[in-house]
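**Student:** here are the coordinates; sequence isn't available:
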């Protein structure tokens, strides 16, 4: 790994060195390095690109890192990663993709992740997306995330698109079983002429299922964002969707949620707001000695972190 | 007019006798009676069914009643009503349609209303929809409402579907000019196996345009409701959409709003909630001596009125 690789890994996975525990690092469509632990095994798929991650029942306080880096202009990387998480686990999974494109061709990574979360297991999934490079080539990331939560299972998805991604189409689908819970924290920043679309479907399928989506976004310059968060209640359940967006420059933002109750005991709530940074917030920070740009940056950092 | 007609007029327009001021009563696709005032003239269209209503600039504290009743099974009534409201008016327009279907064929009324609201004019538009009759024939109401608000104009739409309408598809479009304001209060109750769809589009097109939608609905039995309220901000503007629904029995409700900001000073907010009547509300009223059914009815009346 060279300096660019190390810089990308730092951005997307907070990694300064080889991660502890199980990991799989993918670079330019190839396996770069891998490590298993006693409870976590990673195997390459035989029929298509990608890996199967098996986490033994009862595994607690362990983590898996599966970062992907793309530094080759013109590469279109497609990968299928399937996670089998045993009953009663409590684990962290850290994914993420960084693209450094210094060429003039498109560099693209499409990661299709499927999670089978066993009874009463708890999973925290962290995914960061980042792009950089002086090339004129596009940096494209189209993640697809599908989650099946068995009875009493819990997942928290913390997904962040930091910056530098020219085009993204995010698709997320979570089927929540009885007494299970899904929490999605989505953070998205677009700038320049970037476009982002996030299509999310949470199906509260079992009795006492619950779901919560907290989506925060900032659209700068002439970038465009569209959000489609959908929450469907098919049983006694509780669902809450909250989307807050800050609009700047000549950007455009659409929020098109859907809440659908198919059961008399489904309780669903949605809130969305789009607006610019309040002028008095800027003024307050400027009286403390910050320039207007610094004040703005401080507010955006607070909003997205 | 017979007893059925008078009963329908009472339900949809609170009319006990011939209304004061200008009016146009339509029965089974024909003109029943009409009256103009000094400032308000109603004329039948020559090219298609319907009327043109001209309200002279500066007309204040006057009203127009244009109720429609359908008592003939098998009738499909389609009508185009265009309202030209002069500058600086302040008027009430009371529409509404009642269907009494005692036959086995479908009775349907589709009213297409277009409002051209002049500078600084204020309009309150009240529309009630109601169906009754022992026949097995369907009662269908598909209203289409289009509003253009010039600079500084204001419209408030109070639309209510009381009961007895088997199928409705409501379409509303409002284009809001500079310093103009649109307020929509929508109330909808469905029961039995009724279906209702409400498609609404508010376009905040001029500087300091504002829009507010307050939609309240109750779905009982196995009825189904779908709401598509859309608010688009193309200038410095403020828009607020609020949808609250009570679900009962085996009903299904979907709320699919959209807020779209195409301007950095567009501020848009949306809130939606679907849920059943809170159990403790029922209990509280029952301790005051009401039966469960009476308590439920009291709560629904409070919610919809």
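**Tutor:** Here it is on my side, so go on. Since this is a predicted model, take the numbers as computed values, not measurements. Numbering: from 1, shown residues only, chains lettered A, B, ... in the order given.
**Student:** which residues of chain A fall in helices?
**Tutor:** Ranges of helices in chain A, per DSSP state H, are A:3-13, A:279-287, A:292-304.
**Student:** mind putting those helices in JSON lines, mean neighbour count, mean pLDDT and distance to residue B:244 included?
**Tutor:** C-beta: built from backbone N, CA, C; applies to glycine. As requested, the helices of chain A are exported to JSON lines (neighbours: other C-beta atoms under 10 Å in any protein chain shown; pLDDT from 0 to 100; distance: least, C-beta to C-beta, whole Å):
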{"stretch": "helix A:3-13", "mean neighbour count": "19", "mean pLDDT": "86", "distance to residue B:244": "42"}
{"stretch": "helix A:279-287", "mean neighbour count": "13", "mean pLDDT": "86", "distance to residue B:244": "31"}
{"stretch": "helix A:292-304", "mean neighbour count": "14", "mean pLDDT": "89", "distance to residue B:244": "28"}
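**Student:** Among those, which comes closest to residue B:265?
**Tutor:** helix A:279-287 (10.7 Å; C-beta to C-beta).
**Student:** what's the closest one in contact with?
**Tutor:** Identification of contacts with helix A:279-287 by C-beta atoms under 8 Å, 6 or more residues apart in numbering or on different chains yields A:292, A:294-296, A:298-299.
**Student:** if we go to 7 Å?
**Tutor:** Outside helix A:279-287, the residues within contact range by C-beta atoms under 7 Å, 6 or more residues apart in numbering or on different chains are A:292, A:295-296, A:298-299.
**Student:** Let me know the closest of those residues to chain B.
**Tutor:** Of all those, chain B sits closest to residue A:296, with 12.7 Å by C-beta to the nearest C-beta.
**Student:** OK, contacts around the closest one?
**Tutor:** The contact partners of residue A:296, by C-beta under 7 Å, 6+ apart, come to A:277, A:282.
**Student:** Pull up the residues of chain A that are close to chain B.
**Tutor:** A:247-249, A:252-262, A:264-276 (C-beta under 7 Å from any C-beta of the partner chain).
**Student:** Return the member of the contacts of helix A:279-287 nearest to residue B:22.
**Tutor:** Nearest member of the contacts of helix A:279-287 to residue B:22, counting by C-beta to C-beta, is residue A:299, at 54.8 Å.
**Student:** Closest to the centroid, which residue in chain A?
**Tutor:** For chain A, residue A:159 is the residue whose C-alpha lies nearest the centre (C-alpha atoms, centre = their mean; 2.4 Å).
**Student:** Pull the contacting residues for that residue.
**Tutor:** Listed by C-beta under 7 Å, 6+ apart, the contact set of residue A:159 reads A:127, A:186.
**Student:** Any idea what it is bridged to?
**Tutor:** Counting by DSSP bridges, residue A:159 is bridged to residue A:127, residue A:186.
**Student:** Out of the helices of chain A, which gets nearest to residue B:135?
**Tutor:** Of all the helices of chain A, it is helix A:292-304 that lies closest to residue B:135, at 58.5 Å by C-beta to C-beta.
**Student:** bridging residues for the closest residue to residue A:273 other than its chain neighbours?
**Tutor:** Distances taken as C-beta to C-beta, 6 or more residues apart in numbering or on different chains place residue B:269 nearest to residue A:273, at 4.7 Å, with adjacent residues excluded. Counting by DSSP bridges, residue B:269 forms beta bridges with residue A:273, residue B:240.
**Student:** Strands of the stretch 101-250 of chain A, residue ranges please.
**Tutor:** A:107-117, A:122-132, A:139-141, A:144-149, A:154-163, A:167-176, A:181-190, A:195-204, A:209-219, A:224-233, A:237-247 (DSSP state E, counting those that start in this stretch).
**Student:** Can you give the strand pairings for the third one, parallel or anti for each?
**Tutor:** Spelled out, that is strand A:139-141. Within its sheet, and counting by DSSP bridges, strand A:139-141 is paired with strand A:107-117 (parallel), strand A:167-176 (parallel).
**Student:** could you give the mean pLDDT of the first one?
**Tutor:** This predicted structure assigns strand A:107-117 an average pLDDT of 95.
**Student:** what's near enough to touch the residue nearest to residue A:259 when sequence neighbours are not counted?
**Tutor:** Nearest in space to residue A:259, with sequence neighbours left out and distances taken as C-beta to C-beta, 6+ apart, is residue A:268 at 4.0 Å. The contact partners of residue A:268, by C-beta under 7 Å, 6+ apart, come to A:231, A:233, A:239, A:259, A:261, B:274.
**Student:** repeat for residue A:51
**Tutor:** A:24, A:42-45, A:81.
**Student:** For chain A, give me the ranges with low pLDDT.
**Tutor:** Judged by pLDDT under 70, chain A has no weakly predicted residues.
**Student:** circling back to that earlier point, okay but the residue nearest to residue A:273 is in contact with residue B:238, surely?
**Tutor:** No: in this structure residue B:269 lies outside contact range of residue B:238 using C-beta atoms under 7 Å: 8.3 Å.
**Student:** Between these two, which contacts overlap?
**Tutor:** By C-beta under 7 Å, 6+ apart, no residue touches both residue B:269 and residue B:238.
**Student:** still on that earlier bit, please convert the strands paired with strand A:139-141 to JSON lines, extending it with mean neighbour count.
**Tutor:** Below are the strands paired with strand A:139-141 laid out as JSON lines (neighbours: other C-beta atoms under 10 Å in any protein chain shown):
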{"stretch": "strand A:107-117", "mean neighbour count": "22"}
{"stretch": "strand A:167-176", "mean neighbour count": "21"}
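**Student:** If the residue in the stretch 101-250 of chain A positioned nearest to chain B is in a bridge, with which residues?
**Tutor:** With C-beta to the nearest C-beta, the shortest gap between the stretch 101-250 of chain A and chain B falls at residue A:247, namely 5.2 Å. Beta-bridge pairing for residue A:247 (DSSP bridges): residue A:219.
**Student:** check contacts around it.
**Tutor:** Contacts of residue A:247 by C-beta under 7 Å, 6+ apart are A:219, A:253, A:274-276, B:261, B:264.
**Student:** Please report how far the nearest residue to residue A:33 once chain neighbours are set aside lies from residue A:239.
**Tutor:** The spatially closest residue to residue A:33, leaving aside those adjacent along the chain, is residue A:25, at 5.0 Å (C-beta to C-beta, 6+ apart). Residue A:25 sits 36 Å away from residue A:239, taking C-beta to C-beta, to the nearest Å as the criterion.
**Student:** neighbour count winner among those two?
**Tutor:** Neighbours were counted for residue A:25 and for residue A:239 using other C-beta atoms under 10 Å in any protein chain shown; residue A:239 has more, 27 against 22.
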